[in-house]
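Peer 1: Got a predicted model here, sequence first, then my questions.
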Amino acid sequence: MGIVNVESRTFERMLARFEEFARRMDALCHAHRIGESEPWLDNQQVCQLLNISKRTLQTLRGNGSLSYTQINHKIYYRAEDVRSFLAVLEARRKHEQRRRNGV
(Lines give C-alpha, C1' and ligand atoms only; values in the text may rest on other atoms or scores of the structure.)
Protein backbone atom coordinates (compact mmCIF):
# COMPACT_ATOMS: atom_id res chain seq x y z
CA MET A 1 0.00 0.00 0.00
CA GLY A 2 1.44 3.32 -0.99
CA ILE A 3 1.09 6.86 0.23
CA VAL A 4 -0.66 9.33 -2.03
CA ASN A 5 -0.04 13.05 -1.67
CA VAL A 6 -2.83 15.39 -2.67
CA GLU A 7 -2.79 19.15 -2.84
CA SER A 8 -4.94 20.79 -0.19
CA ARG A 9 -7.12 22.46 -2.85
CA THR A 10 -7.77 19.09 -4.50
CA PHE A 11 -8.49 17.52 -1.12
CA GLU A 12 -10.99 20.29 -0.28
CA ARG A 13 -12.78 19.76 -3.60
CA MET A 14 -12.94 16.01 -2.98
CA LEU A 15 -14.30 16.62 0.51
CA ALA A 16 -16.94 19.05 -0.81
CA ARG A 17 -18.06 16.53 -3.43
CA PHE A 18 -18.27 13.79 -0.84
CA GLU A 19 -20.35 16.01 1.46
CA GLU A 20 -22.68 16.84 -1.44
CA PHE A 21 -23.00 13.12 -2.18
CA ALA A 22 -23.82 12.43 1.49
CA ARG A 23 -26.51 15.16 1.44
CA ARG A 24 -28.08 13.66 -1.68
CA MET A 25 -28.10 10.19 -0.13
CA ASP A 26 -29.74 11.56 3.03
CA ALA A 27 -32.40 13.27 0.91
CA LEU A 28 -33.07 10.08 -1.07
CA CYS A 29 -33.28 7.98 2.07
CA HIS A 30 -35.64 10.48 3.65
CA ALA A 31 -37.81 10.64 0.52
CA HIS A 32 -38.12 6.87 0.42
CA ARG A 33 -38.21 6.36 4.20
CA ILE A 34 -35.16 4.11 4.14
CA GLY A 35 -33.84 3.43 7.59
CA GLU A 36 -37.16 4.10 9.33
CA SER A 37 -38.91 0.90 8.39
CA GLU A 38 -39.58 -2.17 10.45
CA PRO A 39 -37.07 -4.98 10.54
CA TRP A 40 -37.19 -7.43 7.66
CA LEU A 41 -38.28 -11.04 8.16
CA ASP A 42 -36.49 -14.11 6.85
CA ASN A 43 -37.98 -17.34 5.43
CA GLN A 44 -38.21 -19.09 8.79
CA GLN A 45 -39.99 -16.18 10.48
CA VAL A 46 -42.51 -15.84 7.65
CA CYS A 47 -43.20 -19.58 7.61
CA GLN A 48 -43.91 -19.46 11.34
CA LEU A 49 -46.14 -16.38 11.08
CA LEU A 50 -48.19 -17.79 8.20
CA ASN A 51 -48.02 -21.39 9.45
CA ILE A 52 -46.84 -22.65 6.05
CA SER A 53 -43.99 -24.77 4.74
CA LYS A 54 -40.86 -23.45 3.03
CA ARG A 55 -42.11 -24.92 -0.25
CA THR A 56 -45.43 -23.08 0.04
CA LEU A 57 -43.53 -19.88 0.75
CA GLN A 58 -41.44 -20.49 -2.37
CA THR A 59 -44.65 -20.89 -4.38
CA LEU A 60 -46.01 -17.61 -2.99
CA ARG A 61 -42.81 -15.87 -4.07
CA GLY A 62 -42.89 -17.52 -7.47
CA ASN A 63 -46.46 -16.58 -8.32
CA GLY A 64 -46.03 -13.02 -7.05
CA SER A 65 -48.40 -13.32 -4.09
CA LEU A 66 -45.73 -12.20 -1.64
CA SER A 67 -43.04 -9.68 -2.49
CA TYR A 68 -39.48 -10.18 -1.29
CA THR A 69 -35.94 -8.90 -1.56
CA GLN A 70 -32.87 -11.06 -2.02
CA ILE A 71 -29.55 -9.92 -0.59
CA ASN A 72 -26.48 -12.14 -0.91
CA HIS A 73 -28.56 -15.27 -1.62
CA LYS A 74 -30.76 -14.67 1.44
CA ILE A 75 -34.42 -13.76 1.06
CA TYR A 76 -36.13 -11.13 3.19
CA TYR A 77 -39.74 -9.95 3.45
CA ARG A 78 -41.07 -6.63 4.66
CA ALA A 79 -43.21 -7.11 7.77
CA GLU A 80 -45.82 -4.80 6.25
CA ASP A 81 -46.10 -7.02 3.15
CA VAL A 82 -46.49 -10.14 5.29
CA ARG A 83 -49.23 -8.46 7.36
CA SER A 84 -51.05 -7.41 4.19
CA PHE A 85 -50.83 -10.92 2.79
CA LEU A 86 -52.08 -12.34 6.09
CA ALA A 87 -55.10 -9.99 5.97
CA VAL A 88 -55.92 -11.13 2.43
CA LEU A 89 -55.55 -14.76 3.50
CA GLU A 90 -57.90 -14.26 6.46
CA ALA A 91 -60.48 -12.54 4.23
CA ARG A 92 -60.35 -15.48 1.80
CA ARG A 93 -60.80 -17.98 4.63
CA LYS A 94 -63.81 -16.08 6.00
CA HIS A 95 -65.35 -15.84 2.54
CA GLU A 96 -64.81 -19.57 1.99
CA GLN A 97 -66.42 -20.39 5.36
CA ARG A 98 -69.46 -18.23 4.55
CA ARG A 99 -69.76 -19.88 1.16
CA ARG A 100 -69.64 -23.36 2.73
CA ASN A 101 -72.22 -22.41 5.34
CA GLY A 102 -74.53 -20.98 2.70
CA VAL A 103 -74.48 -17.46 4.09
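Peer 2: Sure thing, it's come through.

Peer 1: For the longest strand seen in the chain, which residues meet the burial criterion?
Peer 2: Identified as the longest strand of the chain according to DSSP state E is strand 74-78. Across strand 74-78, burial judged by 16 or more other CB atoms under 10 Å covers 75, 77-78. (C-beta placed from N, C-alpha, C; glycine too.)

Peer 1: and residue 32, what does it touch?
Peer 2: With contact set as CB atoms under 8 Å, 6 or more residues apart in numbering, residue 32 has no partners.

Peer 1: For it, give its distance to residue 26.
Peer 2: Computed as CB to CB, to the nearest Å, the residue 32 to residue 26 distance reads 11 Å.

Peer 1: Repeat that for residue 41.
Peer 2: Per CB to CB, residue 41 is found 27 Å from residue 26.

Peer 1: For these two, indicate the residue with more neighbours.
Peer 2: Here residue 41 and residue 26 are compared on neighbour count by other CB atoms under 10 Å; more neighbours surround residue 41, at 19 against 12.

Peer 1: Touching, that one and residue 48? I think so.
Peer 2: No. In this structure, residue 41 is not within contact of residue 48 by CB atoms under 8 Å, at 9.3 Å.

Peer 1: hey, what's the residue nearest the centre of the chain bridged with?
Peer 2: The residue lying closest to the centre of the chain (CA atoms, centre = their mean) is residue 78, at 4.5 Å. Beta bridges link residue 78 to residue 40 when assigned by DSSP bridges.

Peer 1: Could you check the pLDDT of the residue lying farthest from the centre of the chain?
Peer 2: Ranked by distance from the centre of the chain (CA atoms, centre = their mean), the top residue is residue 7, with 42.7 Å. As predicted, residue 7 sits at a pLDDT of 95.
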